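[1] Okay, predicted coordinates and the sequence, questions at the end:
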Amino acid sequence: MSVDDTVEVDDDDGISELFDELEELESLVDSPEERRQVREAMRAAAEAQDDEPVVFGRVVYGFDREDLAESVLGSLLFGIPMAVEGGTVDAGRHIAQHPLYLAGTLVSAIAMVVGILYVADFQDVRVARRIFGIVPRRLAGVTLTAFVVAVALLTGWGVVEWSTTDLTATWESLCVCSVAFVPMAIGAALGDILPGS
């Protein structure tokens, strides 16, 4: 390991420690103005690390339109094969007959996204703000992006049909989209965090 490698690791640890301290400070401050200033400092620290061409080990903070675009691209990369593969429709029809399988499919997809974003440590992903104080914005953004792209892609390519009169066809279409959602959610999560923005 060269001296340059050591410095780079120390810088990454320094940014991570800075975020830890800023998050602690955010929980201690009283006024909304002070909290806003701490969040501004966190954004500035995240942007300051963008000068280094590092792919892994960066602090990822917030979820913006750049992250949304990366999630869409990741969803499409993993989803296009699902749109042309006949097994997607077969699997969707199967889980349409077993509603618990649909629930299991959706829960496992979200669990995999949580694992990629927050557990696997590809990046040091920090939660900027939560929706309703519970759901991290990045988690909601990545999963909703993947599901919307799945519905749009499969509908646009004629794989699924939505009907207001035939509820069975609509249910099957939802289940087919849910099957395609699984790899698309994985692609969206990877597409979002791997560039390190």
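    That came in fine, so what should we check first?

[2] and the residue positioned nearest the centre of the chain, what is it in contact with?
    Centroid-nearest residue in the chain: residue 142, 3.1 Å away (criterion: Cα atoms, centre = their mean). Residues in contact with residue 142 (Cβ atoms under 8 Å, 6 or more residues apart in numbering) are 71, 113, 117, 185, 188, 189, 192. For glycine as for every other residue, the C-beta is placed from the backbone atoms N, C-alpha and C.

[3] between these, which is closest to residue 28?
    Of all the contacts of residue 142, residue 28 sits closest to residue 117, with 26.1 Å by Cβ to Cβ.

[4] Where does the residue nearest to the centre of the chain sit, in terms of helix or strand?
    helix 137-156 (DSSP states H and E).

[5] Quick one: list the elements packing against whichever helix or strand comes after that helix.
    Using DSSP H and E, the next helix or strand after helix 137-156 towards the C-terminus is helix 167-193. Under the contact criterion of 3 or more Cβ pairs under 8 Å, 6 or more residues apart in numbering; DSSP states H and E, helix 167-193 touches helix 65-84, helix 86-97, helix 99-114, helix 137-156.

[6] winner for burial among these?
    Greatest average neighbour count among the helices and strands packed on helix 167-193 goes to helix 137-156 (a mean of 21), per mean count of other Cβ atoms under 10 Å.

[7] relative to helix 167-193, how tilted is that helix?
    Between helix 137-156 and helix 167-193, the angle comes out at 130 degrees (axes from the mean of the first three to the mean of the last three Cα atoms, to 10 degrees).
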